[in-house]
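>>> Turn this into a structure:
(one chain, ligands or ions: 1)
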Amino acid sequence: MFGATHIIVGAAIGAFCPNFWLAGLLGLLSHATLDAIPHEDYDFDHPSMPTLVARGAFDFGTGLALAALVFTLSPDKTNIAVGATFGALPDIIDIGFIYGPLHTNIFFTRIHQNIHWFLQNKKWRPNFAVSFSLQVTLIVAALAAWFFFKH
Ligand SMILES: [Zn+2]
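Prediction:
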C-alpha cells in the first residue's frame, strides 16, 4: 500500500501502545496486514522512473506531514514515532534494495513482495481508484481513532 497509509496507520497504532516494543511489533504487523488486502499501488500503469519517484515523494511527503502533525499534538511521542517507522520500514528497505543503489532482492524484500496479495493471485484486484479510496479511508480512520481516543 501507499507509504502514507503505512506511516499513518503505524503512527495511530503506536499511539495506542503502552511501550515502544509493542509499537514496533504491531507497526510491522500492520504493514503485512495492509499489504495482504487486495489493492493496486501507484506503479499500476508502469510509469517512468521520474514519474514513480515523483509519486513516491508526494506519497511519503503526505504521510510524513500527517505523522508530524500527530507527533506534535501528542504527549507520548516515542511510541508514535516507532509505530510510524516500523509501519513503513518494509517499504523503506525496498526503496534501498530494489529501487535504490543496492539493486538486490534480499530475503526480506522477497517476503515483503510476496505478502502483496496481487502477486499471489493476479485473477482479481481492485482498480487504482478503488485502491486509492480504500487507502484514504484507512488514513482518515486511523487519524480519527487517534484524534478522538488518544489526542
Ligand atoms: Zn509494503
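>>> Next, count neighbours for the residue nearest to Lys150 when sequence neighbours are not counted.
Closest residue in space to Lys150, ignoring its immediate chain neighbours: Ala15 at 4.2 Å, by C-beta to C-beta, 6 or more residues apart in numbering. C-beta here means a position set from N, CA and C on the backbone, and glycine is covered the same way. By the other C-beta atoms under 10 Å criterion, the neighbourhood of Ala15 contains 25 residues.
>>> what residues are up against Ala15?
Contacts for Ala15 (C-beta atoms under 8 Å, 6 or more residues apart in numbering) come out as Val70, Ser74, Asp76, Asn79, Ile80, Gly83, Trp146, Lys150.
>>> Secondary structure element for it, which one?
helix 3-16 (DSSP states H and E).
>>> helices and strands around the helix or strand following that helix, which ones?
Counting by DSSP H and E, the element after helix 3-16 in chain order, helix or strand, is helix 20-36. Where contact means 3 or more C-beta pairs under 8 Å, 6 or more residues apart in numbering; DSSP states H and E, helix 20-36 is packed against helix 3-16, helix 77-94, helix 107-115.
>>> Which positions within the shortest one qualify as buried?
Neighbour-count burial for helix 107-115, with 16 or more other C-beta atoms under 10 Å as criterion, is recorded at Thr109, His112, Ile115.
>>> The second one and Asp35 touch, don't they?
Which is His112. Yes - contact criterion C-beta atoms under 8 Å: His112 and Asp35 qualify, at 7.3 Å.
>>> Need the overlap of contacts for the two.
Pro90.
>>> so what's the residue nearest to Phe149 when sequence neighbours are not counted up against?
Distances taken as C-beta to C-beta, 6+ apart put Phe16 closest to Phe149, at 7.5 Å, once the chain neighbours are dropped. Neighbour list for Phe16: Ala145, Phe149, Lys150 [criterion: C-beta under 8 Å, 6+ apart].
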